[in-house]
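Visitor: using only what follows, build the 3D model:
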Amino acid sequence: FFQAEDGIREVERSRGLGDVYKRQPVTVRWVETNKGDDVTPNIRSRLVARQIRPAGQEAVFAPTPPLEALRTVLSLAATDLPGRPKRCRDPASVERTQVSFVDISRAYFNAPTDPSEPTYVALPPEDADFDKGLCGLLMRHMYGTQKAAEGWQSEYSRSLVETMGFSQGVACPCIFSHAKRDIVVTVHGDDFTAVGPCHQLDWYEDELQSLYELKKGGRLGPGPSDDKEASCLNRIIRWCEDGLEYECDPRQIEKLVEELELEGANSCVTPGLKQLPDQIANDVPLSKERHTAFRGLAARANYLSADRHDCQYSAKEIGRWRSAPTELAMTALKRLGRYLIGKPRLVFRY
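Guide: As a prediction, this is how the structure comes out:
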């Protein structure tokens, strides 16, 4: 901990950190998230920082792979490609192809901070030193700090490349391949998804476990003891006799229909209709108290459209109204909801 009078922190020249300056420590708060559902809740409580980027300061970005990266791993599990070893379908072989799902616990806490750019955070009220004029100097990145995502991306990239011998993707730095072991990995935040032979994935998971605390989310494959269903990024992935299946998070559709108050409503056959000139001319603004609800629903529809290609155009058109919602926009959103009542599932098959 760092002694600070009245909650103000001072960094001295003697530490080689530049001129003396004073600034309030970054505030913190507890965030609780239900990672499960109403029937089987899985509550996660996490202390997060609230570091806001000052005006004029350059933004910090961390690369994130497109959703197609996850689908590519599933496609590789089902496809024999020229110039690569054939996929093994023998359920008794140690060479059989599997898909591994690994979740790194508290990922950002694994990335060390840069000593030349110290970050100080306030202590939570539960801490014994809360009322003693102290704040915390972060030795590891914390959720909610500006460079946490960038620090974690650098940390796991270094581990995969320098320690485990993977090659990093050129077009997307969140994709890694190991030519000798025939493993391909894609990383979405703290979710690692990999495809490869069974015994090589054993090595890969053991190496990750020696570096980080993790949870294994299952290993899909053709063997009788292999898992047949897993969840990644809230998507449902299944190993079937004739290939793999990928399905979007069904809760998103349920929540959209519920928030639109459309339970029990009749379905429709198309997700949207072109507005007629007289409808546009007679359109009126949505009342201001409904703006926030509309924007939240439009954002959920946009998120859902990443997996529902049949809804992408409608979700995009609805999003055009977010700056100035109208009654016609809400009608379009409700039509999308009614379409999803009749078509609640879309399954990709590989």
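
Visitor: and residue 134, its phi and psi?
Guide: phi -110, psi 160 (degrees, to the nearest 10).

Visitor: thought it was touching residue 122?
Guide: No - using CB atoms under 8 Å, residue 134 is not in contact with residue 122; the gap is 9.3 Å. From N, CA and C alone the C-beta is placed, and that goes for glycine too.

Visitor: so which residues of the chain form helices?
Guide: Using DSSP state H, the helices of the chain run over 67-78, 148-158, 198-211, 250-259, 277-281, 291-304, 312-319, 327-342.

Visitor: can you put the ones you listed in a markdown table and add distance to residue 89 and mean neighbour count?
Guide: As requested, the helices of the chain are exported to a markdown table (distance: least, CB to CB, whole Å; neighbours: other CB atoms under 10 Å):
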| stretch | distance to residue 89 | mean neighbour count |
| --- | --- | --- |
| helix 67-78 | 10 | 19 |
| helix 148-158 | 31 | 19 |
| helix 198-211 | 12 | 16 |
| helix 250-259 | 29 | 16 |
| helix 277-281 | 55 | 9 |
| helix 291-304 | 33 | 17 |
| helix 312-319 | 34 | 18 |
| helix 327-342 | 36 | 19 |
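
Visitor: any chance of those helices in a markdown table with distance to residue 29 and mean pLDDT as columns?
Guide: Formatted as a markdown table, the helices of the chain follow (distance: least, CB to CB, whole Å; pLDDT from 0 to 100):
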| stretch | distance to residue 29 | mean pLDDT |
| --- | --- | --- |
| helix 67-78 | 30 | 94 |
| helix 148-158 | 15 | 94 |
| helix 198-211 | 30 | 97 |
| helix 250-259 | 25 | 91 |
| helix 277-281 | 44 | 91 |
| helix 291-304 | 21 | 95 |
| helix 312-319 | 30 | 96 |
| helix 327-342 | 32 | 96 |
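
Visitor: of all those helices, which one is nearest residue 267?
Guide: Among the helices of the chain, the nearest to residue 267 by CB to CB is helix 327-342 (2.8 Å).

Visitor: just checking, what packs against the closest one?
Guide: If you count contacts as 3 or more CB pairs under 8 Å, 6 or more residues apart in numbering; DSSP states H and E, helix 327-342 packs onto helix 250-259, helix 291-304, helix 312-319.

Visitor: again, only this time at 10 Å
Guide: Where contact means 3 or more CB pairs under 10 Å, 6 or more residues apart in numbering; DSSP states H and E, helix 327-342 is packed against helix 250-259, helix 277-281, helix 291-304, helix 312-319.

Visitor: so which of those is nearest residue 80?
Guide: Between residue 80 and the helices and strands packed on helix 327-342, the shortest gap by CB to CB is with helix 312-319, which sits at 30.5 Å.

Visitor: how much does the closest one deviate in direction from helix 327-342?
Guide: 150 degrees (axes from the mean of the first three to the mean of the last three CA atoms, to 10 degrees).

Visitor: pull the CA atoms of helix 312-319 into CSV?
Guide: The C-alpha coordinates for helix 312-319 follow below in CSV (Å, rounded to 0.1, in the frame of the first residue of the first chain):
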residue,chain,number,x,y,z
GLN,A,312,-28.8,-8.6,-39.8
TYR,A,313,-30.5,-6.2,-42.3
SER,A,314,-33.4,-5.6,-40.0
ALA,A,315,-31.2,-5.0,-36.9
LYS,A,316,-29.0,-2.6,-38.9
GLU,A,317,-32.0,-0.6,-40.1
ILE,A,318,-33.4,-0.5,-36.5
GLY,A,319,-30.0,0.8,-35.3
